[in-house]
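In: prediction below, plus the sequence it came from.
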Amino acid sequence: MSGAGEWGHTLPPEQMSGDVAHALAEADAPRHGDTTAREWVKDNLFANWYSSLFTILFSAVTLVLAFFAARFVFVTGQWSPVRVNLELFMVGRFPREERTRLVVNLLLYSGAAGLALGWGRASSRDRAKLAGVEPTKASPRDLLSSYWALAVFVLALMIVGVRTLGPWLLLAGAIAVFAIGFAVASRMPRAFRAATLTLAALTGVAGFLTLSGTHGFAWIFLTLALMPLLFDLLGRRSDRLPGAAGWVAAIVTMAIGGFLVVDRGVNLFTVLVIALACVAFVASGMGNVSTSVQIGSIAIAGVVTWQVGKALDITNIDWIEWGGLYMNLVASVAAIVLAFPLGLLLALGRRSSLPVVRIMSTIYIELIRGVPLITLLLMARFFLGFFLDTDDPLSLPTRAIAAITLFSAAYIAEIVRGGLQAVPTGQTEAGQALGLGAAGITRLLVLPQALRAVIPAMVGQFISLFKDTTLLFIIGVLEFLGVRDVVHSQADFRGVGIAETLVFVAFGFWAISFTMSRESQRLERTLGVGTR
Amino acid sequence: MSASTQSAKPPFWRNVNVLRVLAQIGAVAGVVALLWWLINNLLTGLDEQGIPFGLGFWDDPAGFTVRDSSFERTQPIWELIVFVGVKNTLASAVVGITIAVVLGILIGVARLSDNWIVKKLAALYVETFRNIPPLVIIIFVGSALFVNNARLNAFTAGSEPNLFKIPGSDSNFMILSRSRLGFPSFANDGNTGLFWIIMLVALAAAVGVWVWRTRYNVETGQPHHRVAYSFVTLLVIGVVAFVALGGPLRWSWPAVSESGRLIEGGLTTNDGYVALTLALGLYTASHIAEIIRGSILAVHRGQSEAANALALSGFQRYRFVILPQAFRIAIPSIINQFLNLTKNTSLAVVVAYPDVTQAIRTAIGNGQPATQLILALMLVYLTFSLLTSLVLNIVNRRFQVVGR
């Protein structure tokens, strides 16, 4: 039966006889290999009379449209509003004299991305080795089909808007830093895996702080980035739900505290939020490592990073001065990172066996999903600031990010709930048979499978969130689409190239969303979601 | 014995039932405390700013007029929300949904075509529209059709709109401009109310005929021809009623008013409405196309093979075997898209179309209290969403119960 796998039938044809074997062999034979171009054209373009009609009609329409599109892009289009204002489109009104910080920021972000992806590569290789299978490797063809749109967008930016050598060098530098990070992380021995992740987190945070400045409590981000290493060193293995929940709560509160601090500096309220985060951290590890060791290590890390921040002393640049495409990316990344833990808790709450918790989670999710995002943004614009008892109001971008976070948490909760429902009951029963408690079953058996199953849907949510950040324009935040209004109020470009800037903005959104959706399809194939 | 009885009754802090109750009380207390703190802050803050937190403004005159609407500045706020805002939102949503469904089904089926060019063009459409924010599409359509359309004139006192005359007549067939559009339509004439009531009865009769023909077909096995029968019923009653009432409707042609600023007669609409509705229709069509394609692919292959075995033609295979099953799979997702489109009409802000969001924004801009109005706005959308889930439940009960 050695031929079974190759032929897909129980018997290879030579062991069967007669017409059936012949027909099956014919049906299984590869079809594309031996069709000639002529046959392909006949089958796919001129199969019957109406197919031929469609072919002729639509080819003509396509050719005409392609001609006009090409003429618009290369001949008649007035791209000068885009060319002159490229920096405004990308980063908004970021102070000109601080431009070097953007360069450093970009390099650090590419380094962080390279390290994180390399870490993912290394750990998936380890898992494959553990399972005894060949690790999957992305072919250049796969990568090209995922990333061509983004590459075209970046190249178009460079060719249209760049007249000096600097940006080209920067692009090359960013790619080089990414490659170095990837190479280092993917070759890192197993013992230093946690260190790689910490390095990636630290690089990312350093990139963020380059822009936001290191004043006030911003060091909390650095402490947060040190956590993977810290907890790995302490040998903490959080396999109980209270631990996981506390960990999640700590990250959320910490991040909110960090936001508030970046926005407004230190006051009683922010101190309270940060203190709450520390309590949650301590609670999350209770019972495994002694509390004093934890508090001590967090305190040391905190003081060290605080001193580092103080020594560097980079001045703050407020959200309000960020803008352009950068604002859309920051807002959507911040919102999804903040909304994920909240959505996870809501999803678990909605499936809780406690009726009160279930009802409250359901009410929140359904209320939020019933209203459009714009109503929440209007709320952020007009009265979200009143909800917090603060003297000086939060800046508009912060309030908007808070509104988007509250909004996407409900959608993420529904996605995660779908994943939780997709885990077979047998898994829970197996956990019970092993004597695990409800919390252990959720944390060790259900959540890992559920979260793996929802990764593509999460990417989809991220794409729609990214598209939704255009609504920030309506409440007056200067984002990618909103920059157009600024450009066309300049004396040179009043009424000039209106269609061109719009096409440019649309293409930017399209390229990024398209790349992400292609990448999520690739991810879906690699993870084998739906095939098991 | 006594020892085992004692161990069966754990102390209350180990009793799961007590713990469950305590946990729930704790959760409620936490949420209530948080809400109390937030709302208290809100009320204090509003009080310090001198903004009233009552519902007294509800009957106050709005104090402004709305573009292309008969709304007077003396009419109260709630009439603005209901008769201008909600009405306009629904007007855009209903037409947008129609465009999206028709286009979406066409493109979804086209993506599964055997013809390579048709397949690729449909894929191009879907990938383009799905990945561009709806707001950008709305601005694009508005800009391309109206604001920056060099072929259209502005519609102001000094500038005449583009008039399209009926050949050999003085009436306008169409009036186009950058801001206002006029199309011919029916106008009321005398017995109109009675006519529409009769038409409702005719519709009921047509439905009755449909049910009768279906039963006839089930009982006797004869062809039902229910579409033809129902349509003829509707048409006959309609024509008879129309003639008997002496022509209750008449054509109304659009004309420019004496002041040269408005269109009288016919059906008047504006650029905002067309741009919003068309753009949302195009955007949602790409999502519906994907749902249709997925649903058709989800119908088991064996069904189509069975249809081939019964020697059904390609059309019959789709019409009687695949599409009925595919629609059953697609309907819940498609209804969700209807709700999404309705919620997306709130993007009308960018084309200055007075939907409910824009009406409320204008009211806030005119000094009405923001908090209460935004909460009312949320209530409006929540009502739409509740209605949608109601319809969804009914549809699910009607279609999803299959004896398999």
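Out: Cool, got the structure.
In: what packs against the longest helix along chain A?
Out: Ranked by number of residues, the top helix in chain A under DSSP state H is helix A:99-131. Where contact means 3 or more Cβ pairs under 8 Å, 6 or more residues apart in numbering or on different chains; DSSP states H and E, helix A:99-131 is packed against helix A:166-186, helix A:193-212. The C-beta positions use only the backbone N, C-alpha and C, and glycine is treated the same way.
In: buried deepest among the ones you listed, which one?
Out: Most buried of the helices and strands packed on helix A:99-131 by mean neighbour count (mean count of other Cβ atoms under 10 Å in any protein chain shown) is helix A:193-212; its value is a mean of 21.
In: quick check: closest non-adjacent residue to A:Q427.
Out: Nearest residue to A:Q427, sequence neighbours excluded (Cβ to Cβ, 6 or more residues apart in numbering or on different chains): A:L445, at 5.0 Å.
In: my bad, should have said A:G460
Out: A:S520 (6.6 Å).
In: by contact count, what packs against the host helix or strand of B:K120?
Out: Here B:K120, judged by DSSP states H and E, is contained in helix B:116-130. Judged by 3+ Cβ pairs under 8 Å, 6+ apart, the packing partners of helix B:116-130 are helix A:49-71, helix A:498-527, helix B:87-110, helix B:271-298.
In: the next helix or strand after that helix and chain A in contact?
Out: Sequence order places helix B:134-142 as the next helix or strand after helix B:116-130, per DSSP H and E. Yes: legend: contact between helix B:134-142 and chain A by Cβ under 8 Å from any Cβ of the partner chain is shown at B:P134, B:L135, B:V136, B:I137, B:I139, B:F140.
In: got the contact list for the helix or strand just after helix B:134-142?
Out: Once the chain leaves helix B:134-142, the next helix or strand it forms, by DSSP H and E, is strand B:162-165. Outside strand B:162-165, the residues that touch it by Cβ atoms under 8 Å, 6 or more residues apart in numbering or on different chains are B:R151, B:L152, B:N153, B:S171, B:N172, B:F173, B:M174, B:I175, B:L176, B:S177, B:V256.
In: over to stretch B:237-252?
Out: Under Cβ under 8 Å, 6+ apart, the answer for stretch B:237-252 is B:184-192, B:194-195, B:198-199, B:201-202, B:205, B:265-266.
In: swap the cut-off to 7 Å and go again
Out: Under the contact criterion Cβ atoms under 7 Å, 6 or more residues apart in numbering or on different chains, stretch B:237-252 has outside partners B:184-187, B:189-192, B:194-195, B:198-199, B:202, B:205, B:265-266.
In: name the helices or strands packed onto whichever strand or helix holds A:V154?
Out: According to DSSP H and E, A:V154 maps onto helix A:140-161. If contacts are counted by 3 or more Cβ pairs under 7 Å, 6 or more residues apart in numbering or on different chains; DSSP states H and E, helix A:140-161 sits against helix A:80-84, helix A:166-186, helix A:498-527.
In: so how far is the second one from its chain's centroid?
Out: Helix A:166-186 has its average C-alpha position 20 Å from the chain's average C-alpha position, going by Cα atoms, centre = their mean, to the nearest Å.
In: got it, and stretch B:339-347?
Out: Worked out by Cα atoms, centre = their mean, stretch B:339-347 lies 8 Å from the chain centre.
In: cool, and stretch B:372-381?
Out: With Cα atoms, centre = their mean, you get 18 Å for stretch B:372-381.
In: quick one: is it near chain A?
Out: Yes: Stretch B:372-381 is in contact with chain A by Cβ under 7 Å from any Cβ of the partner chain, via B:I374, B:L377, B:M378, B:Y381.
In: so can I have TSV of these showing neighbour count?
Out: Output for the residues of stretch B:372-381 next to chain A, formatted as TSV (neighbours: other Cβ atoms under 10 Å in any protein chain shown):
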residue	neighbour count
B:I374	22
B:L377	26
B:M378	19
B:Y381	22
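In: now pLDDT, distance to A:D313 and secondary structure too, for these, in CSV please.
Out: Below are the residues of stretch B:372-381 next to chain A laid out as CSV (pLDDT from 0 to 100; distance: Cβ to Cβ, whole Å; DSSP: H, G, I helix; E, B strand; the rest coil):
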residue, pLDDT, distance to A:D313, secondary structure
B:I374, 92, 41, helix
B:L377, 94, 45, helix
B:M378, 94, 44, helix
B:Y381, 95, 47, helix
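In: farthest pair within the residues you listed?
Out: Using Cβ to Cβ, the residues of stretch B:372-381 next to chain A reach their maximum pairwise distance at B:I374 and B:Y381, which is 11.0 Å.
In: what touches both of the two?
Out: With Cβ under 7 Å, 6+ apart, B:I374 and B:Y381 have common neighbours A:T375.
In: give the buried residues for the longest helix of chain A.
Out: A:101-103, A:105-119, A:121-123 (16 or more other Cβ atoms under 10 Å in any protein chain shown).
In: and the angle from it to helix A:166-186?
Out: Calculated by axes from the mean of the first three to the mean of the last three Cα atoms, to 10 degrees, helix A:99-131 forms an angle of 30 degrees with helix A:166-186.
In: pLDDT on helix A:99-131, on average?
Out: For helix A:99-131, mean pLDDT is 86.
In: that one: how far from the chain's middle?
Out: For helix A:99-131 - counting by Cα atoms, centre = their mean - the centre lies 14 Å from the chain centre.
In: over to stretch A:95-111?
Out: Worked out by Cα atoms, centre = their mean, stretch A:95-111 lies 21 Å from the chain centre.
In: ok, back up a step: is it true that the residue nearest to A:Q427 touches A:E429?
Out: No: the criterion here is Cβ atoms under 7 Å, and A:L445 misses it with A:E429 at 10.1 Å.
In: and those two? which has more neighbours close in?
Out: Neighbour comparison, A:L445 and A:E429: the larger count goes to A:L445, with 18 against 11 (by other Cβ atoms under 10 Å in any protein chain shown).
In: state the distance from the more buried one to B:P354.
Out: A:L445 sits 53 Å away from B:P354, going by Cβ to Cβ, to the nearest Å.
In: list the buried residues in stretch A:324-337.
Out: A:G324, A:L325, A:Y326, A:M327, A:N328, A:L329, A:V330, A:A331, A:S332, A:A334, A:A335, A:I336.
In: what pairs with the first one across the strands?
Out: Spelled out, that is A:G324. Counting by DSSP bridges, A:G324 is bridged to A:E479.
In: mind listing what it touches?
Out: Per Cβ under 7 Å, 6+ apart, neighbours of A:G324: A:L88, A:F89, A:M90, A:V91, A:G92, A:E479, A:F480, A:V483.
In: in strands, which of these appear?
Out: Of these, none are assigned to strands by DSSP state E.
In: once you drop chain neighbours, what's closest to B:Q222?
Out: Nearest residue to B:Q222, sequence neighbours excluded (Cβ to Cβ, 6+ apart): B:Y216, at 6.6 Å.
In: you'd agree that neighbour is up against B:H224?
Out: Yes: between B:Y216 and B:H224 a contact is recorded at 6.2 Å, counting by Cβ under 7 Å.
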